[in-house]
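Trainee: Sequence first, then the predicted structure, then my questions.
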Amino acid sequence: MIPEYLHLASTLLMAGLILFVQVVHYPLMAHVGDPYTTYQRHHMRRTGLVVGPLMLVELTTAVWLVVHPPAPGLTGLAWVGVGLLAVIWASTGLLQAPAHARLTEGFDAGVHRRLVRSNWIRTVAWLARVPVAVALAQ
């Protein structure tokens, strides 16, 4: 039962964190002003320290649950969770990380707008993972 609860906890934490980032943090970036590049570098480093370990725990436990489902008949649901994680990781690598890298060169309203809009992919996927993780933990 420990992997199921670690999985649930990491998913709940990431869902809450991404919702906060989407609704509060990313939109406020437009109001930072000078020196934005310093802010962006610190944001990326500090966020990585919080998000990186949580994402790795979530991914590891999600894969573990596919291999060792907690109950018969839950393998499909575990795969749904892994599929949603694939969307999250792909979006992070292909959309959000490049936008953040571009923003380290200076604030660009268009890049910022694309970051906020594309982050809805991760926000929706993580929120969709919550009921999956809850069901797998029962």
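Mentor: Sure, I can see it.
Trainee: State the distance from the residue nearest to residue 104 when sequence neighbours are not counted to residue 93.
Mentor: Computed as C-beta to C-beta, 6 or more residues apart in numbering, the closest residue to residue 104 that is not its neighbour in sequence is residue 40, at 4.9 Å. All C-beta spots, glycine's among them, are computed from the backbone N, C-alpha and C. According to C-beta to C-beta, to the nearest Å, residue 40 stands 18 Å off from residue 93.
Trainee: Which one of the two is surrounded by more residues?
Mentor: residue 40 (20 against 10; other C-beta atoms under 10 Å).
Trainee: okay, and for this structure, where does confidence drop off?
Mentor: By pLDDT under 70, the weakly predicted segments of the chain are 1.
Trainee: redo that, cut-off 80
Mentor: Low-confidence segments of the chain, defined by pLDDT under 80: 1, 34.
Trainee: That one: helices as residue ranges?
Mentor: Secondary structure of the chain (DSSP state H): helices located at 2-20, 26-28, 36-67, 75-91, 97-103, 109-137.
Trainee: re the thing from before, shouldn't the residue nearest to residue 104 be in contact with residue 101?
Mentor: No. Counting by C-beta atoms under 8 Å, residue 40 does not reach residue 101; the two are 9.2 Å apart.
Trainee: list the buried ones in stretch 94-109?
Mentor: Buried positions in stretch 94-109, judged by neighbour count with 16 or more other C-beta atoms under 10 Å: 95, 96, 99, 100, 102, 103, 107.
Trainee: of all these, which comes closest to residue 51?
Mentor: In terms of C-beta to C-beta, no member of the buried residues of stretch 94-109 lies closer to residue 51 than residue 96, at 10.8 Å.
Trainee: got a list of what the closest one touches?
Mentor: Listed by C-beta atoms under 8 Å, 6 or more residues apart in numbering, the contact set of residue 96 reads 115, 118, 119, 122.
Trainee: and if you look at residue 54?
Mentor: 10, 13, 14, 17.
Trainee: Residue 19 now?
Mentor: 123, 126, 127.
Trainee: cool, residue 100 as well?
Mentor: 40, 43, 44, 115.
Trainee: Just the buried ones from those?
Mentor: Counted by 16+ other C-beta under 10 Å, the contacts of residue 100 give 40, 43, 115 as buried.
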